[in-house]
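A.B. asks: Curious how this folds, go ahead:
(one chain, ligands or ions: 2)
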Amino acid sequence: MTSEHQTSGHTEEDRAASAAAGFSSAAAVTPENTGERFNPITAKHLDDIPQLEKLSGDDRFAMKVVSSVLPFRSNRYVMDSLIDWDNVPADPVYQITFPQRGMLEEGDFDRVADLMKRDAPAKEINAAIGEIRDKLNPHPAGQRELNIPQTEQGTVEGLQHKYRETVLFFPSQGQTCHAYCSFCFRWAQFVGDKTYKIAANEASGLHDYLASHPDVSDLLITGGDPMVMKTRVMERYLHPLVDDPRFEHIRNIRIGTKALTFWPRRFVSDPDADDLLRLLEKVTSSGKSVAIMAHFNHWREFGTDIAHEAIRRLRDTGAVIRSQAPALAHVNDSPDIWARMWREQVALGIIPYYLFVERDTGAKNYFEVPLDKVWTIYNHAVRSVSGLARTVRGPSMSATPGKVEVLGVQEVHGEKVFVLRFLQGRNPEWVGRPFFAAFNPNATWLNHLEPAFGEEKFFFEDELAEMTGGASIPEFSVAAE
Ligand SMILES: *Cc1c(COP(=O)(O)O)cnc(C)c1O
Ligand code: SF4
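C.D. replies: Numbering: from 1, shown residues only. Ligands and ions are numbered 1, 2, ... in the order given. This next block holds a predicted model:
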């Protein structure tokens, strides 16, 4: 904890940072301070953001408290082009990027607030922050223990392999984002504690692993946001896959990103934007598919001219854009928002793919929506769009045993139940098989559910325990993605 998290006092460094973020009025007009080049805005700029001046001092202080625990990062595009400041705090993009008091439990908030108010020593504040972060389930779904591949050479850094067909790759240069989502389950990777990080240093580990796993058809490059990487770094990972026969079996390259929301210039006017598009074109013309897995929570995220241009340019490379996002309180917990979002996506050539249930980490209490309600949102939204938008599946929970979809709520012989099924399973044979849980209106995650009809266990439980090496997983809440 440095002074950047405290309320007062601007150092030279702060002033330089503010200028770099584009807030210095005295500086000459350059791409940097018109916001045309990417510069992050962080917690230390909270006093310089002109749009925040209309908030009360208390509200700004609350932001500083929350952003000392949960990561905060924004940029000029998000602030100037996406957020409607006349609609703050309700604006959805404001909600997903700016820290809100309710994101911390009251006791935790007060603890940090008190320490900051009395200018407590950095060591003491850091210790409090560390304890609070540890309580927020920094590693949901056992992602550190369960899914890291083991080979004869040991563990393969930066990879996760949970479902047979798809390998996840976390390039070390992509472990940040153009802005941070306040609900993100990857928050632990951004707060600077090395023990929280999952990262790769090498392309060769990835390539060797893929070459020796002929069952794998999909590579999913994820992060953070891999689109923060320079094109020449992306090339190091992708180029070898294009024409080396060792990678014949890799048919689909997916790239998970929120850059279409947070920084569409990545695909339009960044210095290496054209190179990136040429690289993607090279992959698609080699006969492999490129899927941009775009994260959109709300239709307001892709309504700008520059976002439309980015979408057009990406599609021109032969890449397909698919969209996915969690349902979140304060942001998109209404069927109308989803229906409008899917309709507009289809019109832009984007294919709706997944609606997720918010996972059990970070500011979950603030954003969580009960399963029953998420299902109702999905159901009402899907009914009101044409078949072209009904490609979206969900609501889906990414839990330890797999991706579990809430198919619906039904009454079977007088018992109200959730009908569930696996969309992905640690064992591929679980996929598609319906199963039942007792209805529970307050449940927000799989671990809150009990088997229906008085049964003792869900059908997969014994096998799951075996697969996870008997590791005691008190709930099924722990997995990647
Ligand atoms: C969601 C997910 C995938 C991809 O699953 P699809 O259903 O093929 O999109 C792969 N690996 C992990 C760990 C995931 O959570
Ligand atoms: S990893 Fe994705 S969800 Fe998380 S902060 Fe980055 S852009 Fe947002």
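A.B. asks: Get me the contact residues on the chain for ligand 2.
C.D. replies: 177, 180, 181, 184, 186, 223, 224, 225, 258, 295 (CB under 6 Å from any ligand atom). In short, each C-beta sits where N, CA and C put it, glycine included.
A.B. asks: For the closest residue to the last one other than its chain neighbours, give its distance to residue 323.
C.D. replies: Spelled out, it's residue 295. Ranked by CB to CB, 6 or more residues apart in numbering and with sequence neighbours excluded, the top spatial neighbour of residue 295 is residue 258, at 4.3 Å. For residue 258, the distance to residue 323 equals 11 Å [CB to CB, to the nearest Å].
A.B. asks: Overlap of the contact sets of the two?
C.D. replies: The overlap between the contact sets of residue 258 and residue 323 (CB atoms under 8 Å, 6 or more residues apart in numbering) consists of 294, 295, 296.
A.B. asks: Keep the residues you listed, but drop any that are not near ligand 1.
C.D. replies: Of the shared contacts of residue 258 and residue 323, not one also sits near ligand 1 (CB under 6 Å from any ligand atom).
A.B. asks: Quick one, which of the residues you listed are buried?
C.D. replies: Burial by neighbour count, 16 or more other CB atoms under 10 Å: within the shared contacts of residue 258 and residue 323 this picks out 294, 295, 296.
A.B. asks: Out of these, which comes closest to residue 304?
C.D. replies: Closest approach between these and residue 304, by CB to CB: residue 296, at 12.8 Å.
A.B. asks: Assess the claim that that closest one and residue 348 are in contact.
C.D. replies: No. Proximity of residue 296 to residue 348 does not meet the contact threshold set by CB atoms under 8 Å, at 10.6 Å.
A.B. asks: so what sits against both of those two?
C.D. replies: Shared contacts of residue 296 and residue 348 (CB under 8 Å, 6+ apart): residue 302.
A.B. asks: if I look at residue 122, how far off is residue 136?
C.D. replies: Remark: distance between residue 122 and residue 136 (CB to CB) = 21 Å.
A.B. asks: more neighbours, the two?
C.D. replies: Each of residue 122 and residue 136 has its neighbours counted (other CB atoms under 10 Å); residue 136 has more, 22 against 14.
A.B. asks: For this structure, give me the ranges with low pLDDT.
C.D. replies: 1-34, 139-146, 152-153, 185, 187, 191-201, 361-362, 470-481 (pLDDT under 70).
A.B. asks: Apply 50 and report the result again.
C.D. replies: The chain contains residues with pLDDT under 50 at 1-10, 25-27, 195-199, 472-481.
A.B. asks: Strands along that one, start to end?
C.D. replies: Applying DSSP state E to the chain gives strands spanning 150-151, 154-155, 159-163, 166-169, 218-221, 252-257, 289-295, 320-327, 350-357, 393-398, 402-412, 415-425, 434-438.
A.B. asks: how close does the spatially most central residue of the chain sit to residue 223?
C.D. replies: Residue closest to the mean C-alpha point of the chain, counted by CA atoms, centre = their mean, is residue 184 at 5.1 Å. If you measure residue 184 against residue 223 using CB to CB, the figure is 10 Å.
A.B. asks: Residue 263 too?
C.D. replies: 13 Å.
A.B. asks: Then residue 426?
C.D. replies: In terms of CB to CB, residue 426 sits 23 Å off from residue 223.
A.B. asks: same thing with residue 424?
C.D. replies: Distance of residue 424 to residue 223, given as CB to CB: 20 Å.
A.B. asks: Please say which of the two ends up with more neighbours.
C.D. replies: For residue 424 versus residue 223, neighbours defined as other CB under 10 Å are more numerous around residue 223 (25 against 21).
A.B. asks: who's in contact with the more buried one?
C.D. replies: 170, 171, 174, 175, 176, 177, 186, 256.
A.B. asks: Mark out where each domain of this structure begins and ends.
C.D. replies: Residue ranges for the domains of the chain, per automatic domain parsing: 12-135, 399-481.
A.B. asks: Of the ones you listed, which is nearest residue 205?
C.D. replies: domain 399-481 (17.4 Å).
A.B. asks: gap between that closest one and the chain center?
C.D. replies: Chain-centre distance of domain 399-481: 23 Å, with CA atoms, centre = their mean, to the nearest Å.
A.B. asks: Next, count neighbours for the residue of the stretch 251-400 of the chain found nearest ligand 1.
C.D. replies: Here the residue of the stretch 251-400 of the chain nearest ligand 1 is residue 398; by CB to the nearest ligand atom that distance is 4.7 Å. Using other CB under 10 Å, residue 398 has 24 neighbouring residues.
A.B. asks: Residue 310 too?
C.D. replies: 26.
A.B. asks: list the contacts for it?
C.D. replies: With contact set as CB under 8 Å, 6+ apart, residue 310 has these partners: 259, 260, 264, 265, 266, 267, 268.
A.B. asks: Wait, the residue nearest to residue 295 touches residue 174, no?
C.D. replies: No. With contacts counted by CB under 8 Å, residue 258 stays clear of residue 174, the gap being 11.9 Å.
A.B. asks: who touches stretch 202-214?
C.D. replies: By CB under 8 Å, 6+ apart, the surrounding residues in contact with stretch 202-214 are 149, 151, 156-159, 161, 167, 169, 200, 216, 219, 236-237, 240-241, 246-247, 249-250.
A.B. asks: try 7 Å
C.D. replies: Applying CB atoms under 7 Å, 6 or more residues apart in numbering, the contact partners of stretch 202-214 are 149, 151, 156-159, 167, 169, 200, 216, 219, 236-237, 240, 246-247, 249-250.
A.B. asks: Only the C-alpha atoms, please, for it, written as PDB.
C.D. replies: The C-alpha atoms that make up stretch 202-214 are tabulated as PDB, following Å, rounded to 0.1, in the frame of the first residue of the first chain:
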ATOM      1  CA  GLU A 202       6.900 -19.600 -22.800                       C
ATOM      2  CA  ALA A 203       5.300 -20.400 -26.100                       C
ATOM      3  CA  SER A 204       7.200 -23.700 -26.300                       C
ATOM      4  CA  GLY A 205       5.400 -25.200 -23.300                       C
ATOM      5  CA  LEU A 206       2.100 -24.500 -25.000                       C
ATOM      6  CA  HIS A 207       3.200 -25.800 -28.400                       C
ATOM      7  CA  ASP A 208       4.700 -29.000 -27.000                       C
ATOM      8  CA  TYR A 209       1.600 -29.700 -25.000                       C
ATOM      9  CA  LEU A 210      -0.700 -29.200 -27.900                       C
ATOM     10  CA  ALA A 211       1.400 -31.300 -30.200                       C
ATOM     11  CA  SER A 212       1.300 -34.200 -27.800                       C
ATOM     12  CA  HIS A 213      -2.500 -34.100 -27.300                       C
ATOM     13  CA  PRO A 214      -4.300 -35.100 -30.400                       C
END
